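K.L.:
Structure of the sequence below:
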Amino acid sequence: MTHGIWLAILGRLDWQELPFYRAWENPTASEIIGAGAGLIVVIGAGAVVLLITWHGKWRYLWSEWLTSLDHKKIGIMYIALALVMLSRALIEAVLMRMQQAAAIDKPGFLAPDHFSQLFSTHGSIMIFFMGMPFLVGLINFVMPLQIGSRDVAFPLLNSISLWLTGAAAALVMASLVIGKFSTGGWSGYPPYTELAFSPDVGPDYWIWAVSLGSIGSTLTGINFAVTIYKMRCPGMELMRMPLFVWTALCTSILMIFAMPPLTIATALLALDRYLGYHFFTNDLGGNMMNYANLFWLFGHPEVYILILPAFGVYSEVVSTFSSKELYGYTSLVLATAAIALLSFTVWVHHFFTMGQNADINAVFGIATMTIGVPTGVKIYDWIWTMFRGQVRFTVPMLYSLAFMMTFVLGGITGILLAFPPLDYLVHNTLFLVAHFHNMLIPGLLYGMLAGYHYWFPKAFGFRLNEKWGRISFGCWVVGFYLAFMPLYVLGAAGVARRTQGMFDPIFRPWLYVAGVGALILLAALGALFVQLLVSIRERDANRVFAGDPWDGRGLEWSTSAPPPEYNYAVIPRVRGRDPFFEGKRKDDPYAPPASYEDIELPKNSMTGPLIGAVGAATAFGLVWHMWWLVIIGVLAIIAAVIARSFARDVRRIIPADEIGRTERSWLRAVAEATPIPREIEMTSANQGMAEVSE
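P.N.:
You can find the predicted model right below:
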């Protein structure tokens, strides 16, 4: 009777699922590392809770951040989540490289099952819980400012999307402390992830984390697309939008159409595991290739969901720090749209080796080569933008230059992989690992870090430390080349990816170099956090309240730093492609209006955090078969949605007097700030007022 009660309450959870218990019973290096990782999560979470309690900031955190519907704060929280998840995923990457370097004719220090969990969590986190939150956070913060809007179209939906993503990330982190994660890779291919081959909870953690994240991303895509279509300020025609907004729009469309196939694939896989269906096995008519097609219908557009916003960042950075109008604007817009369209035509190149006929492979091989053309157009346009410009080698510009060189190398290897016969040789080798890291690290990570450095002063009102930014940049670039270029050699030699141990000593030098590169990448992340801490400590000396530290071109630079919660006291009217840049040279962009009016904004809401918390609890219940928790969670979500639908007092008014005081304070700072020439823009003399040059 007692056993039945505990079974009903805890489902399949028992002491063996705790890494600390496993390490106590079987103190191998692999188990101790797993327990240590779980302990770090527990101690880290506890330390955060104690720190907030010690400083009495719970009320502030709840009212100013967690329940906020301000798109800027939601964007910042997305990026904070991305940096936390990046830290875990990068540490896991280092462990994998160290294991491979140590396991040459030896077992190494990680068990095969543990190694498989690491490459599964590393890939899943980098794609779903680092890359996606980072780009969504950047778009959230910047895009409404660039189109002259006060918020996104659906502020509450924005909060719900954030908290669904946060719930999914929390589920991945929970797998470090309770149970294990999937060993099926970030793609979760059946039949390996079916119940017969993986009866543990790992695939269930993956299914529900990815499902929550994909639902949140779909809602985000709808929100962003409607915002760009419907909430542009007067005069902001489509062909006047900044390139970052264009890439945000194409990314949003990709989210809307690419995320549902992933959600369907994970839902069908869940039905296989929970209810004994056979969608993806040969039993009773199932077909694993249905999963492969569904997953890569999402998977290849996802590559461009990740990279397109970075292309937008590079367009903004290169134009600003070259002091030139973006060359080939129309061609860049067309190239962006072409990439978005073509991204849906190449998914089969991810499984050239799976048995379809040569004609199909040829069609998708040609499509894969074709998609490289609009990408090449972008590279040439950025180069011509810099040509004869006043190029300043700031940290964002350095990331942009490193991207162009490194991405072209990766693109060449992508063209090679578009040949099906060559793909047959290297498809499941480290050559492929080197290729997609060669695309995603400069294409995504460098872009997000460039955007982080570029817009950080706008978000927080002070500049980041240049010295530590350069140190971090140097480590990212050097670490990348050392960590991944050797993998091309190893892959060409036939070394399979996801390999826990090596058997040929001839690979030893290349593995050692890759291991050193991984350590340097970890140092790059450490330098990035040191830069943030140093910048916070020195913030008073580097204030840029006037709001235009780089001689910016778009509307986002026409407000204070940080911007007021309403963004603009008066919705701007634009007459050109670079409205603020042109306005500084022709008019007075800081001229106050004749009068100020009340502004209506959405009130804070606990709906988002509540749905996120309950969603995480429901998914946790599904993982562990705690059906009572699942039932309560589903009912609570339904109740929250119904309760919110009856809420009427959801808007608040900011009085005109308060707006006037805020704006006059900022305009006084603008009038008192000394315009700074380009040569000293990275010094403490920069108060957010760049010198206007012709």
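K.L.:
can you pull out the helices in the stretch 451-600 of the chain?
P.N.:
Secondary structure of the stretch 451-600 of the chain (DSSP state H, counting those that start in this stretch): helices at 466-492, 508-537, 579-586.
K.L.:
who touches the worst-scoring helix or strand of the chain on mean pLDDT?
P.N.:
In the chain, no helix or strand scores lower on mean pLDDT, DSSP states H and E than helix 2-10, which sits at a mean of 77. Helix 2-10 has contacts (CB atoms under 8 Å, 6 or more residues apart in numbering) with 624, 626, 627, 628. C-beta: built from backbone N, CA, C; applies to glycine.
K.L.:
Out of the helices of the stretch 451-600 of the chain, which is the most enclosed?
P.N.:
Of all the helices of the stretch 451-600 of the chain, helix 466-492 carries the top mean neighbour count, a mean of 20, counting by mean count of other CB atoms under 10 Å.
K.L.:
helices or strands up against it?
P.N.:
If contacts are counted by 3 or more CB pairs under 8 Å, 6 or more residues apart in numbering; DSSP states H and E, helix 466-492 sits against helix 395-417, helix 430-440, helix 447-460, helix 508-537.
K.L.:
centroid residue for the protein?
P.N.:
In the chain, the residue lying closest to the centroid (CA atoms, centre = their mean) is residue 131, at 2.4 Å.
K.L.:
so what's that residue up against?
P.N.:
Contacts for residue 131 (CB under 8 Å, 6+ apart) come out as 82, 306, 440, 444, 445, 448.
K.L.:
returning to that earlier point: now for the helix or strand that the least confident helix or strand of the chain is followed by, which elements pack on it?
P.N.:
As assigned by DSSP states H and E, the chain's next helix or strand after helix 2-10 is helix 19-25. With contacts taken as 3+ CB pairs under 8 Å, 6+ apart, helix 19-25 sits against helix 29-54.
K.L.:
sorry, back to before: columns mean pLDDT and distance to residue 298 on top of the helices and strands packed on helix 466-492, output as TSV?
P.N.:
As requested, the helices and strands packed on helix 466-492 are exported to TSV (pLDDT from 0 to 100; distance: least, CB to CB, whole Å):
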stretch	mean pLDDT	distance to residue 298
helix 395-417	92	19
helix 430-440	92	15
helix 447-460	97	21
helix 508-537	96	27
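K.L.:
looking at those, which is closest to residue 90?
P.N.:
Of all the helices and strands packed on helix 466-492, helix 508-537 sits nearest to residue 90, with 5.5 Å by CB to CB.
K.L.:
Need the CA coordinates for stretch 292-307. PDB is fine.
P.N.:
The C-alpha coordinates for stretch 292-307 follow below in PDB (Å, rounded to 0.1, in the frame of the first residue of the first chain):
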ATOM      1  CA  ALA A 292      13.900  12.900 -40.400                       C
ATOM      2  CA  ASN A 293      11.800  14.900 -42.900                       C
ATOM      3  CA  LEU A 294       9.800  16.700 -40.200                       C
ATOM      4  CA  PHE A 295      12.800  17.500 -38.100                       C
ATOM      5  CA  TRP A 296      14.900  18.900 -41.000                       C
ATOM      6  CA  LEU A 297      11.900  20.800 -42.400                       C
ATOM      7  CA  PHE A 298      12.500  22.700 -39.200                       C
ATOM      8  CA  GLY A 299      16.200  22.100 -38.900                       C
ATOM      9  CA  HIS A 300      17.500  23.800 -42.000                       C
ATOM     10  CA  PRO A 301      15.300  26.900 -41.800                       C
ATOM     11  CA  GLU A 302      16.500  27.000 -38.100                       C
ATOM     12  CA  VAL A 303      20.000  27.500 -39.400                       C
ATOM     13  CA  TYR A 304      18.900  30.700 -41.000                       C
ATOM     14  CA  ILE A 305      16.700  31.700 -38.100                       C
ATOM     15  CA  LEU A 306      19.900  31.700 -36.100                       C
ATOM     16  CA  ILE A 307      22.100  33.400 -38.700                       C
END
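K.L.:
From the chain's centroid, how far away is that stretch?
P.N.:
Here stretch 292-307 shows a centroid-to-chain-centroid distance of 15 Å under the convention CA atoms, centre = their mean, to the nearest Å.
K.L.:
quick one: contacts of that stretch?
P.N.:
Contact with stretch 292-307 is made by 127, 131-132, 135, 187-189, 214, 250-251, 254-255, 257-259, 261-262, 264-265, 268, 339-340, 343-344, 346-351, 354, 439-440, 443-444, 447, as judged by CB under 8 Å, 6+ apart.
K.L.:
Generate CSV for the helices of the stretch 451-600 of the chain, with distance to residue 145 as supplementary columns.
P.N.:
Formatted as CSV, the helices of the stretch 451-600 of the chain follow (distance: least, CB to CB, whole Å):
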stretch, distance to residue 145
helix 466-492, 23
helix 508-537, 22
helix 579-586, 11
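K.L.:
Tell me the buried residues in stretch 37-49?
P.N.:
Using 16 or more other CB atoms under 10 Å as the burial criterion, the residues of stretch 37-49 that qualify are 37, 38, 41.
K.L.:
now, among the residues you listed, which is nearest to residue 402?
P.N.:
residue 37 (31.0 Å).
K.L.:
What's the per-residue pLDDT of that closest one here?
P.N.:
Per-residue pLDDT puts residue 37 at 93.
K.L.:
do the same with residue 367
P.N.:
We have a pLDDT of 87 for residue 367.
K.L.:
burial count for it?
P.N.:
18 (other CB atoms under 10 Å).
K.L.:
picking that back up, hmm, which two among the contacts of residue 131 are most spread apart?
P.N.:
Farthest pair in these, by CB to CB: 82 and 440, 13.9 Å.
K.L.:
More neighbours: the two, which one.
P.N.:
Using other CB under 10 Å, the more surrounded residue of residue 82 and residue 440 is residue 82, with 25 against 20.
K.L.:
And the helix or strand harbouring that one, what's buried?
P.N.:
When elements are assigned from DSSP H and E, residue 82 belongs to helix 71-102. Of all the residues in helix 71-102, those buried under the rule 16+ other CB under 10 Å are 71-79, 81-102.
K.L.:
what does stretch 285-299 give?
P.N.:
286, 288, 291, 292, 293, 294, 295, 296, 297, 298, 299.
K.L.:
Stretch 12-22 too?
P.N.:
13, 17, 18, 19, 20, 22.
K.L.:
For residue 140, state which of the residues you listed is nearest.
P.N.:
Distances from residue 140 to the buried residues of stretch 12-22, taken by CB to CB, are shortest for residue 19, at 34.9 Å.
K.L.:
hang on, the closest one packs against residue 177?
P.N.:
Yes - in terms of CB atoms under 8 Å, residue 19 counts as a neighbour of residue 177; the distance is 7.0 Å.
K.L.:
any residues in contact with both of the two?
P.N.:
Counting by CB under 8 Å, 6+ apart, the residues touching both residue 19 and residue 177 are residue 38.
K.L.:
gap between residue 444 and residue 314?
P.N.:
Distance, residue 444 to residue 314, using CB to CB, to the nearest Å: 12 Å.
K.L.:
And for residue 211?
P.N.:
32 Å.
K.L.:
same check, this time on residue 271
P.N.:
42 Å.
K.L.:
Could you report the pLDDT at residue 694?
P.N.:
Residue 694 is given a pLDDT of 65.
K.L.:
same deal with residue 632?
P.N.:
Residue 632 is given a pLDDT of 96.
K.L.:
Helix or strand: which one has it?
P.N.:
Counting by DSSP H and E, the element that carries residue 632 is helix 627-646.
K.L.:
mind listing what's buried in that helix?
P.N.:
629, 630, 633, 636, 637, 640, 644.
K.L.:
what's the closest of those residues to residue 197?
P.N.:
residue 630 (24.5 Å).
K.L.:
so who does that closest one touch?
P.N.:
So residue 630 contacts 618, 621, 622 (CB under 8 Å, 6+ apart).
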